[in-house]
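Peer 1: Build me a model from this:
(2 chains)
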Protein chains: 2
Amino acid sequence: MEKKSCMILALDVSDREEALKIAEDVSEFVDAIKVGYPLILATGLGIIRELAEFAPIIADFKVADIPNTNRLICEQVFEAGAEAVIAQGFTGRDSLDACIEVASEYRKDVFVVSEMSHPGGAEFLQPVGEAITRMAAEAGAFGLVAPATRPERVKAIRKIIGEKLTIISPGVGAQGGKASDVIAAGADWVIVGRAIYKAESPREAARKIATEIEVEIKGEN
Amino acid sequence: MEKKSCMILALDVSDREEALKIAEDVSEFVDAIKVGYPLILATGLGIIRELAEFAPIIADFKVADIPNTNRLICEQVFEAGAEAVIAQGFTGRDSLDACIEVASEYRKDVFVVSEMSHPGGAEFLQPVGEAITRMAAEAGAFGLVAPATRPERVKAIRKIIGEKLTIISPGVGAQGGKASDVIAAGADWVIVGRAIYKAESPREAARKIATEIEVEIKGEN
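Peer 2: From the prediction side, this is the model:
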């Protein structure tokens, strides 16, 4: 993924026309668009190729199955034109390897969830978050997904992986994370959803947030 | 789910016509058909309703996201006509609650993955398998998914949940699990895939396996 801005759009809508319209409107201000199962199940996998006209697509499928099923899912994701897939790491190294092998075949990328910021994320996932991060680095993942609501955790994850891997960070805006804090902590991209796609003008909202992030970052440097 | 046999079909094919043909052929011998993302991504969510003509459908989506996304996924699954969904428990109680709340609204069921039998399943998932099982029981899940390749684990899980919950158990046949062992250990249904859908006649294979299971179980009683 090419880095022109610090922002990825989480396109969490489920209507095809709305999704395409927003993608077109904001493409100038984001480096990628993250889509999840709610949109894909509602519209079909083909929407990835349509959206990819406007920005590289990250399929946030939280892939969490046995190696063979992960492989079949990732093959379809990359055949459909996605640039990257997001996988869970808690299903273990072989399941992750299956995703990364397929991504390599297509010259595409895998992001691994290191931690999740919802309350339940603290129960089973957080205690092994650093182990999953190390596993992701060893396995050759492209990057990690780490919560913007906990910049200290982003910092800890950056420390583990060094500069080799990328960190993308959801939870900015509606969920309370501040972009400059997260980027100062080591994230490469912040992921912004509702603050853009629920705005009256997603384009103006994306422009405004992108500018704010730039100003914030400069202010902190 | 009504219990007439001890068998669920894992319909791990990705072609629509083939899936429908096999479902029709074997419906007499199975109590449900389990479908996963490889089939759904290839054909669209609508195939669930088509398959449901032949047997109740379990959507094996290993749902593993934040509560709101889990909710959106499950709403689509049940709107599409599925009888049950399979969720990961690793993402915590609130994520699981979201699935169970939606299932309750539709009067449908949730199964939770307690353990997985691939090698990577031993790394992060197995150490918390019993905790996840207890959580699933407390949250009001309909049942657990536990590996047929490890009957001693099925037994341990049955001990934790008592008779209140159902256990479905994949890994019989091609992966080496023996149906009678798993059912003796406490599983309600075994899940059979390749041994049926890869057979020259899936119908004959399903009939034969169903009969063998019956004979085996009687032999052990």
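Peer 1: going forward, measure contacts and count neighbours with C-alpha atoms only.
Peer 2: Fine.
Peer 1: pull the CA atoms of stretch A:90-103 into CSV?
Peer 2: The C-alpha trace of stretch A:90-103 is given here as CSV (Å, rounded to 0.1, in the frame of the first residue of the first chain):
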residue,chain,number,x,y,z
PHE,A,90,-5.6,-16.7,17.7
THR,A,91,-6.3,-19.7,15.4
GLY,A,92,-2.5,-20.2,15.4
ARG,A,93,0.5,-20.1,13.1
ASP,A,94,-0.6,-22.7,10.5
SER,A,95,-3.9,-20.9,10.0
LEU,A,96,-2.1,-17.6,9.6
ASP,A,97,0.6,-19.2,7.3
ALA,A,98,-2.2,-20.3,5.0
CYS,A,99,-3.4,-16.7,4.6
ILE,A,100,0.1,-15.4,4.1
GLU,A,101,0.9,-18.1,1.5
VAL,A,102,-2.1,-17.2,-0.6
ALA,A,103,-1.3,-13.5,-0.2
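Peer 1: Show the average pLDDT along it.
Peer 2: Averaging pLDDT along stretch A:90-103 gives 98.
Peer 1: So which residues make contact with the lowest-mean-pLDDT helix or strand in chain A?
Peer 2: The weakest-scoring helix or strand in chain A, judged by mean pLDDT, DSSP states H and E, is helix A:202-220 (a mean of 87). Contacts with helix A:202-220, where a contact means C-alpha atoms under 8 Å, 6 or more residues apart in numbering or on different chains, come from A:5-7, A:22, A:25-26, A:29-30, A:179-180, A:183-184, A:195-196, A:199.
Peer 1: By neighbour count, which of those wins?
Peer 2: Counting neighbours by other C-alpha atoms under 10 Å in any protein chain shown, A:Ala179 leads these with 31 neighbours.
Peer 1: Backbone torsions only: list them for that one.
Peer 2: In terms of degrees, to the nearest 10, the main-chain angles of A:Ala179 are phi -50, psi -50.
Peer 1: Settle this for me: it is touching A:Val190, isn't it.
Peer 2: Yes - with contact defined as C-alpha atoms under 8 Å, A:Ala179 reaches A:Val190; the gap is 6.4 Å.
Peer 1: Which residues are in contact with each of those two?
Peer 2: Common neighbours of A:Ala179 and A:Val190 (C-alpha under 8 Å, 6+ apart) are A:Ala148, A:Val172.
Peer 1: Quick check: bridge partners of A:Ile86?
Peer 2: As for beta bridges, A:Ile86 partners with A:Phe111 under DSSP bridges.
Peer 1: give me the number of residues near it?
Peer 2: Quick note: A:Ile86 (other C-alpha under 10 Å) scores 24 neighbours.
Peer 1: So what touches stretch A:12-19?
Peer 2: Residues contacting stretch A:12-19 (C-alpha under 8 Å, 6+ apart): A:11, A:35-36, A:38-40, A:42-43, A:47, A:51, A:193-194, A:197.
Peer 1: Now go through those residues and say which are in helices.
Peer 2: Mapping these onto helices (DSSP state H) picks out A:Pro38, A:Leu39, A:Ile40, A:Ala42, A:Thr43, A:Ile47, A:Leu51, A:Arg194, A:Tyr197.
Peer 1: what sits against the first one?
Peer 2: Listed by C-alpha under 8 Å, 6+ apart, the contact partners of A:Pro38 are A:Asp12, A:Val13, A:Ser14, B:Thr69, B:Leu72, B:Ile73, B:Gln76.
Peer 1: Spatially, which two of the residues you listed are the most separated?
Peer 2: A:Asp12 and B:Gln76 (14.3 Å; C-alpha to C-alpha).
Peer 1: where do the strands sit along chain A?
Peer 2: A:7-10, A:32-36, A:57-63, A:84-88, A:109-113, A:143-145, A:166-172, A:189-192 (DSSP state E).
Peer 1: Hmm, A:Glu83 and A:Asp109 touching each other?
Peer 2: Yes - judged on C-alpha under 8 Å, A:Asp109 makes contact with A:Glu83 at a distance of 6.4 Å.
Peer 1: Which pLDDT does the model give the closest residue in space to A:Thr69 that isn't next to it in sequence?
Peer 2: Once flanking residues are discounted, A:Thr69 sits nearest to B:Pro38: 7.2 Å by C-alpha to C-alpha, 6 or more residues apart in numbering or on different chains. On the pLDDT scale, B:Pro38 is placed at 97.
Peer 1: In helices, which of the contacts of A:Pro38 appear?
Peer 2: Using DSSP H, the contacts of A:Pro38 in helices are B:Thr69, B:Leu72, B:Ile73, B:Gln76.
Peer 1: Mind checking which of these are buried?
Peer 2: Among the ones in helices among the contacts of A:Pro38, those classed as buried by 16 or more other C-alpha atoms under 10 Å in any protein chain shown are B:Thr69, B:Leu72, B:Ile73, B:Gln76.
Peer 1: just those now: which is nearest B:Ile157?
Peer 2: Taking C-alpha to C-alpha as the measure, B:Ile157 lies nearest B:Ile73 of those, at 27.1 Å.
Peer 1: Might you report the residue contacts of the closest one?
Peer 2: A:Tyr37, A:Pro38, A:Leu41, B:Val63 are the contacts of B:Ile73 under C-alpha under 8 Å, 6+ apart.
Peer 1: Mind picking the two most distant members of those?
Peer 2: Greatest spatial distance in the contacts of B:Ile73: A:Leu41 and B:Val63, 13.0 Å, computed using C-alpha to C-alpha.
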